[in-house]
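[1] What follows is a predicted structure for the sequence shown.
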Amino acid sequence: MLPKSLRPLLPYVKRYRWGYAAGTLCVFLTNGIWILFPLVLGKAADDLHAGVTRHKLLIYTGLLLAIATTKGIFQFLTRWIVIGVSRDIEFDLRNDLFQKLESLSYSYYQRHRTGDIMARATNDLSAVRNLLGPAIMYTANTIVLMTGALAFMLSISPRLTLYTFLPLPAASILIQYFGRRIHDRFERIQAMFSDISARAQENFSGARLIRAYVQEEAEIRAFEAENQEYIRRSLKLVRLMGMLWPTLELIMGCAVVLVLWLGGREVLGGRISVGQFVSFSTYMMQLTWPVIALGYVINLFQRGTASLVRLNEIMQEQPEIKDAPRAQDLDRDLEIAGAIEFRGLNFSYEGKQVLHDLNLRVPAGSSLAIVGPTGSGKTTLVSLIPRIYDAEAGMVMIDGRPIREYSLASLRKNIGFVPQETFLFSDRIRENIALGVESATDQQIHEAADAANIATDIESFPEGYDTMVGERGITLSGGQKQRTAIARALIRNPKILILDDALSSVDTHTEDKILNHLRDVMQGRTTIFISHRVSTVRNADRIAVLHGGRIVELGTHDELLALNGYYSDLYNKQLLEEELAEV
C-alpha cells in the first residue's frame, strides 16, 4: 500500500507492475547471492587455517569470483530494469501533465506564471523520476540485504548481532529529523526555482521592451539577487545533507568498533571461530553502505514527495470550461448557419461585472462591427462566443440553441478567431497559417494568405512560405503578424469569423486592401469585428457601440451618424485627424 503522499503515482506503478516485479526479483537474486560471499569467506578462513593447499585456494577463489560476477550481472539487470521503468513513468507523467495543461481554461494561465509551470514540468518531474527509480531500488536493496544478513548474523552470534544494531534507533531518529527538514527546505528551493524560471521567461519574452527602456542592468541585478537567494537556500540544504551522511557513518563506525572489540573477545574465548568472526565482520561491512544509503534515499524521497505535491496541484486542476454531458458535435451531428444571439447577458470577471443585461442578435451571414472606448467589454463579449470565457447557460445562443449544447472542439472549429494579441509559433509561416487544418493544401494556404493580403510579403521572403518565424513571430512586423493570423482564421473556412481589432497594426491603405478581400470572404458567413477605426467598421451591416458593458447605440453607419452620439463623435474626430494628416 503506497503512502498517502504517493497515491497519485499508483496508476503509473500499476501500469508497470511487471517491470517492478522483474526488478524486485533481480534485487532478491543480487542480494541472495551476495549474502553467500561472507559465508564462503568465513569457511575459507577456517579451512585455510587448518592447512593451506593449492586446491583449496583455487576452489575458494573460484567461488568468490563466481559470486561477485553473478552478483554484478543481476545488479546490472536491477538498475537497467528499475531505472528504465522510472524513465517510462517519467515519459507518461510528462505526457499526462502536458495533456492536462492543454485542457485547462485560459483563466488558469492568467493566474499562473509560465516560468512556474515550466519549473514543475522539468525540475519537479526529474525529482519524481528519482523517487520512482533510485529511491525504490536502494530501499529494496537495503531491506533485502539487511533481512538476509541479519538472519545469518543471528545464527553466528545473537549477542554480537544485538550490539551491532544498538545504534540503529539513534540512526532512525536522526533520519526522521533530517528527513522532515530536507522536505521543507526542498519545497522552498523549488518555489524559488519557479520564481527564477518565471523571471527568465519574462525577460526573454520581453527582450524588446527591456532594451527599449534600457533595463538590462536593472534586470541583471534583480536576477542576480534571486539567484543569490536560490544559492543560499540550496547551500542550507547541502549543509543539512552534508551533516546526515557523516553522522550515519559515525554511528556505523561506532558499531564496527564495538563489534571488533567484543567479537575479538568471543574468538579468544572460543565461543566463535575465526571464520565465523570474519563472516560476521564482512556482513557488517556489507550493511555499512545500505545504512548510509538510507540518507541518500531519504533525500530522494523527500525531494520526490515535495515535487509530487507540486505536480499534483496541476493534475488536480479542473478546466473551468468543459463539455456538457450531452454536447453535440457540429458537422457530424448537425450543421450551423451562424446566427448569434445574446439574451439578457450579464458577465462578471474576478468579481467585477463587465457586461450588463446585454441583448443583441446577429443574423446568419451578416456582419456586425463593435466599437467603444477601452475597457467597455468588447473583447470579453466576443470571447464568450467560442467559450474562451463562459457565460451563464442560455445567455449566448447560436442558431437559437445555447452554445453549451455544442461540444467545445467542434464549436471552436467552426469559429475563425483573431485575437487582439497575435501569437505565432516558432515554425514556418506555412505551418502557422495551416494551424488546426492538418490536410491543408498549398493552394488553400496561398488563397488564405492572399485573402489576408500577406501573400505578396511572404513571396518576397527568400524562403517564401518555408520562412521560419521567430518566437512569437518576432521576425515579422506587427502588420505582417496580424495578417498571418487573419490568414490562419480564414483557412478554416469558418461559419463565424471574429476579428478582435485585427487590423490595428496595418496602415489605412493596407486595411482597405484587406477589407476588399474580406468582403468576398465574408459572403455567407457571420462576421464580427472590433475596431477603433470608423474606416474599418463603416461598411458593416450593423454597428454596435459598447460603453460601460452596455450597448448604447446600434444601427448602420448612416443611422449612427444621425444620432450625434459616441459614434458620430468618433467619426468626426478621425475625420479631423485625417485632414490634419493631409495638411
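    Looks like it came in fine.
[2] quick one: average pLDDT of stretch 488-502?
    Across stretch 488-502, the average pLDDT comes to 84.
[3] next one: stretch 127-146
    87.
[4] Then stretch 426-443?
    Mean predicted confidence for stretch 426-443 is 82.
[5] Going by neighbour count, which residues in it are buried?
    Within stretch 426-443, the residues scored as buried using 16 or more other Cβ atoms under 10 Å are 428-435, 437, 440. No exception for glycine: its C-beta is placed from N, CA and C like everyone else's.
[6] Ok, stretch 307-327 next?
    Going by neighbour count (16+ other Cβ under 10 Å), the buried part of stretch 307-327 is 307-308, 310-312, 314, 321, 323, 327.
[7] Any chance you could list what contacts that stretch?
    Contacts with stretch 307-327, where a contact means Cβ atoms under 8 Å, 6 or more residues apart in numbering, come from 5-6, 8-9, 93, 96-97, 100-101, 103-105, 107-108, 117, 120, 123-125, 127-128, 131, 186-187, 190, 387-390, 404-408.
[8] May I see the buried residues of stretch 426-443 organised as CSV, with secondary structure and distance to S155 added?
    Compiled in CSV, the buried residues of stretch 426-443 are given as follows (DSSP: H, G, I helix; E, B strand; the rest coil; distance: Cβ to Cβ, whole Å):
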residue, secondary structure, distance to S155
R428, strand, 72
I429, helix, 77
R430, helix, 75
E431, helix, 70
N432, helix, 73
I433, helix, 77
A434, coil, 74
L435, coil, 71
V437, coil, 74
A440, coil, 76
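[9] With respect to E202, which of the residues you listed is nearest?
    Distances from E202 to these, taken as Cβ to Cβ, are shortest for N432 (23.3 Å).
[10] Leaving out the residues flanking it, which one is nearest to L237?
    The shortest distance from L237 to any non-neighbouring residue, by Cβ to Cβ, 6 or more residues apart in numbering, is to R185 (4.6 Å).
[11] Quick one: list the elements packing against whatever helix or strand that neighbour lives in.
    For R185, the element it lies in under DSSP states H and E is helix 168-205. With contacts taken as 3 or more Cβ pairs under 8 Å, 6 or more residues apart in numbering; DSSP states H and E, helix 168-205 sits against helix 114-119, helix 216-268, helix 274-315.
[12] Flag every buried residue along it.
    171, 174-175, 178-179, 181-183, 185-190, 192-203.
[13] Please apply the same query to stretch 363-370.
    Neighbour counts over stretch 363-370 (16+ other Cβ under 10 Å) mark 364-370 as buried.
[14] quick one: average pLDDT of that stretch?
    Mean predicted lDDT for stretch 363-370 stands at 89.
[15] Please measure how far the first residue of it sits from its last one.
    15 Å (Cα to Cα, to the nearest Å).
[16] Pick out the lowest-pLDDT one from the buried residues of stretch 307-327.
    Within the buried residues of stretch 307-327, lowest confidence goes to A327 (71).
[17] C-terminal to the helix or strand containing N31, what's the next element?
    When elements are assigned from DSSP H and E, N31 belongs to helix 17-34. Going down the chain from helix 17-34, the next helix or strand is helix 36-50, by DSSP H and E.
[18] tell me the centre residue of this structure?
    Of all residues in the chain, the one closest to the mean position by Cα atoms, centre = their mean is A121, 3.9 Å from it.
[19] send the alpha carbons of stretch 221-231 over as PDB?
    The C-alpha coordinates for stretch 221-231 follow below in PDB (Å, rounded to 0.1, in the frame of the first residue of the first chain):
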ATOM      1  CA  ARG A 221      20.700  42.900 -10.800                       C
ATOM      2  CA  ALA A 222      17.200  41.600 -10.000                       C
ATOM      3  CA  PHE A 223      18.000  38.200 -11.500                       C
ATOM      4  CA  GLU A 224      21.300  38.000  -9.600                       C
ATOM      5  CA  ALA A 225      19.500  38.800  -6.300                       C
ATOM      6  CA  GLU A 226      17.000  36.000  -6.900                       C
ATOM      7  CA  ASN A 227      19.800  33.700  -7.900                       C
ATOM      8  CA  GLN A 228      21.800  34.500  -4.800                       C
ATOM      9  CA  GLU A 229      18.700  33.700  -2.700                       C
ATOM     10  CA  TYR A 230      18.400  30.400  -4.600                       C
ATOM     11  CA  ILE A 231      22.000  29.600  -3.900                       C
END
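[20] Give me the buried positions along it.
    Buried, per 16+ other Cβ under 10 Å, within stretch 221-231: 226, 230.
[21] do stretch 512-529 as well
    Buried residues in stretch 512-529 (16+ other Cβ under 10 Å): 513-515, 517-518, 521-522, 525-529.
[22] circling back to that earlier point, list the contacts for the closest residue to the residue nearest to the centre of the chain other than its chain neighbours?
    Leaving aside its chain neighbours, A121 sits nearest to L97 (6.0 Å; criterion: Cβ to Cβ, 6+ apart). Shown in contact with L97 (Cβ under 8 Å, 6+ apart): 120-121, 125, 311, 314-315.
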